[in-house]
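K.L.:
this one's sequence-less:
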């Protein structure tokens, strides 16, 4: 199982980035997908969630109207379009997959390794 994030980097305030998360080794289309971030010296914060079919999305208040989560189940890829970036968005961004297995009666989840996003002038 692999979740590989890409697309992070250094951007000026007000700029944009598009993160991608390529999934392999599991049935991507069965999993809800999350973007979670960790700012320097802080705990994990969920940013956005999308259900397995892509029809339901949720955002934490601080990114509503600026970030858009999406997925392409044919390409096994999750995206996060980030616009109007602020210094407070600086963090390591992780993708996270979660699914309840009725076969094993347990949650199954996987984490990516993270990609650094730095918003600074």
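P.N.:
Ah, there it is. Since the model is a prediction, treat every value here as computed from it, not as a measurement.

K.L.:
from here on, contacts and neighbour counts on C-alpha atoms
P.N.:
Noted.

K.L.:
Need the residue in the protein that's farthest from the chain's center.
P.N.:
Distance from the centre of the chain peaks at residue 103, with 26.5 Å (Cα atoms, centre = their mean).

K.L.:
got the phi/psi numbers for it?
P.N.:
phi -70, psi -50 (degrees, to the nearest 10).

K.L.:
Name every strand pairing with the helix or strand of the chain with the lowest mean pLDDT and say which way it goes.
P.N.:
The weakest-scoring helix or strand in the chain, judged by mean pLDDT, DSSP states H and E, is strand 106-111 (a mean of 94). Partners of strand 106-111 in the sheet, by DSSP bridges, are strand 91-101 (antiparallel).

K.L.:
list the buried ones in the partner strand?
P.N.:
Buried residues in strand 91-101, defined by neighbour count with 16 or more other Cα atoms under 10 Å: 91, 92, 93, 94, 95, 96, 97, 98, 99.

K.L.:
Tell me the one among the residues you listed nearest to residue 33.
P.N.:
residue 97 (4.7 Å; Cα to Cα).

K.L.:
Now do that closest one against residue 87, distance only.
P.N.:
From residue 97 across to residue 87, the span is 27 Å (Cα to Cα, to the nearest Å).

K.L.:
just residue 71 next, same as before
P.N.:
26 Å.

K.L.:
So these two - more neighbours on which side?
P.N.:
Under the criterion of other Cα atoms under 10 Å, the comparison of residue 71 against residue 87 puts residue 71 first, with 22 against 15.

K.L.:
I figured that one was touching residue 54, is that so?
P.N.:
Yes - counting by Cα atoms under 8 Å, residue 54 is a contact partner of residue 71 at 6.4 Å.

K.L.:
Now the helix or strand hosting residue 45: average pLDDT?
P.N.:
Using DSSP states H and E, residue 45 sits within strand 44-50. Here strand 44-50 scores 97 as its mean pLDDT.

K.L.:
change the start of the numbering to 56 and stick with it
P.N.:
Right, with 56 as the first residue, what we last looked at is strand 99-105.
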